[in-house]
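Visitor: The following block contains a protein sequence and its predicted model.
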Amino acid sequence: MNKRTVFILTSLVTISIFAVVLVQLNKSREDRRSEQIILQYFFDMKMVVIPYTEKYYQFMKGILFGEHPELTNPPSKYVKNDTEKNNLLLYAIKTFNDAHPEYYDPGAADIPEAPTVMPTKSN
């Protein structure tokens with residue numbers, strides 16, 4: 001390899017590490033704990049899922065649909081109480097929505113309420 005190639009590769013690796021550090025610093029303590037729980041689950045189940053890949057996002061969707069009860073039914077080996085469960089579910093929602101914003105429709109909350117129909121007296 002020539003000096004220029006080494007420099008480019010070194011620069012790319014440095015930028016990648018810096019980006020990962022920035023992402024980790026911007027996460028809340030609850031998000032880091034939730035990610036840690038999920039990674040431990042992958043390890044224990046001998047699953048090969050790389051964070052922030054499509055397979056990871058589909059796993060987040062599976063958590064939301066209750067496909068992994070060990071992660072959503074406290075107390076368990078992974079989730080000790082309702083607070084941890086709720087934090088894990090919020091993490092799954094945020095992570096999935098970041099990858100698939102097309103599934104989130106902020107206008108859906110603006111649907112008008114159906115009119116109330118009062119019953120009429122019939123003779």
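Guide: That came through fine. What you see is a predicted model; the values in this text were computed from it and never measured.
Visitor: Moving along the chain from the helix or strand of the chain with the lowest mean pLDDT, name the first helix or strand you hit.
Guide: Least confident helix or strand, the chain: helix 3-26 with a mean of 74, by mean pLDDT, DSSP states H and E. Downstream of helix 3-26, the first helix or strand assigned by DSSP states H and E is helix 29-44.
Visitor: That next one packs against which elements?
Guide: helix 69-72, helix 82-99 (3 or more C-beta pairs under 8 Å, 6 or more residues apart in numbering; DSSP states H and E). All C-beta spots, glycine's among them, are computed from the backbone N, C-alpha and C.
Visitor: Which SSE is immediately downstream of that helix?
Guide: Sequence order places helix 54-64 as the next helix or strand after helix 29-44, per DSSP H and E.
Visitor: roughly how far out does that next one sit from the chain middle?
Guide: 7 Å (C-alpha atoms, centre = their mean, to the nearest Å).
Visitor: now do stretch 1-10
Guide: Offset of stretch 1-10 from its chain centre (C-alpha atoms, centre = their mean): 36 Å.
Visitor: And it, what's buried?
Guide: In terms of neighbour count (16 or more other C-beta atoms under 10 Å), stretch 1-10 has no buried residues at all.
Visitor: swap in stretch 46-57?
Guide: If you call a residue buried by 16+ other C-beta under 10 Å, then stretch 46-57 has these buried ones: 56, 57.
Visitor: Contacts for that stretch, please.
Guide: The contact list for stretch 46-57, computed with C-beta atoms under 8 Å, 6 or more residues apart in numbering, reads 35, 39, 41, 42, 59, 95, 96, 99, 100.
Visitor: Separate out the buried members of the residues you listed.
Guide: Those of those that meet the buried threshold are 35, 41, 42, 59, 95, 96, 99, by 16+ other C-beta under 10 Å.
Visitor: Identify the farthest-apart pair in those residues.
Guide: 41 and 99 (18.9 Å; C-beta to C-beta).
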